[in-house]
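S.K.: I would like to see how this sequence folds:
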Amino acid sequence: MNLESMFRARQAWSVFKRNHPKVPAFIDAVQDRGYCEGMEIAIAVRYPDGEEHKAGIRVNHDDMEMLDMFKSLK
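M.R.: The predicted model follows:
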């Protein structure tokens, strides 16, 4: 990722945080408690027409490294 892309991504994240302040607060709360094996992460997307998609994972040992990487991006 080049410097310009990183700068644009940082600006976009700032706008996102301003528009959706509960999301970063949610992420902070989860990170403060910490990740652990066996926890469940679920996500749902609901379209205006009512169609919905859901997915979830139960965190395993292999997932912990990736979650730690995300935490370090903060």
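S.K.: avg pLDDT for the helix or strand containing residue 65?
M.R.: Under the criterion of DSSP states H and E, residue 65 resides in helix 61-72. Across helix 61-72, the average pLDDT comes to 82.
S.K.: that one packs against which elements?
M.R.: Helices and strands touching helix 61-72, as assessed by 3 or more Cβ pairs under 8 Å, 6 or more residues apart in numbering; DSSP states H and E, are absent. Where you see a C-beta, it was placed from the backbone N, CA and C, and this is true even at glycine.
S.K.: in it, which residues are buried?
M.R.: Neighbour counts over helix 61-72 (16 or more other Cβ atoms under 10 Å) mark residue 67 as buried.
S.K.: show me where the protein has its helices.
M.R.: 3-19, 22-33, 61-72 (DSSP state H).
S.K.: so what sits opposite residue 46 in the bridge?
M.R.: Beta-bridge partners for residue 46, by DSSP bridges, are residue 52.
S.K.: save the helices of the chain as JSON lines, and put in distance to residue 44 too.
M.R.: Listed next are the helices of the chain as JSON lines, based on distance: least, Cβ to Cβ, whole Å:
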{"stretch": "helix 3-19", "distance to residue 44": "19"}
{"stretch": "helix 22-33", "distance to residue 44": "14"}
{"stretch": "helix 61-72", "distance to residue 44": "19"}
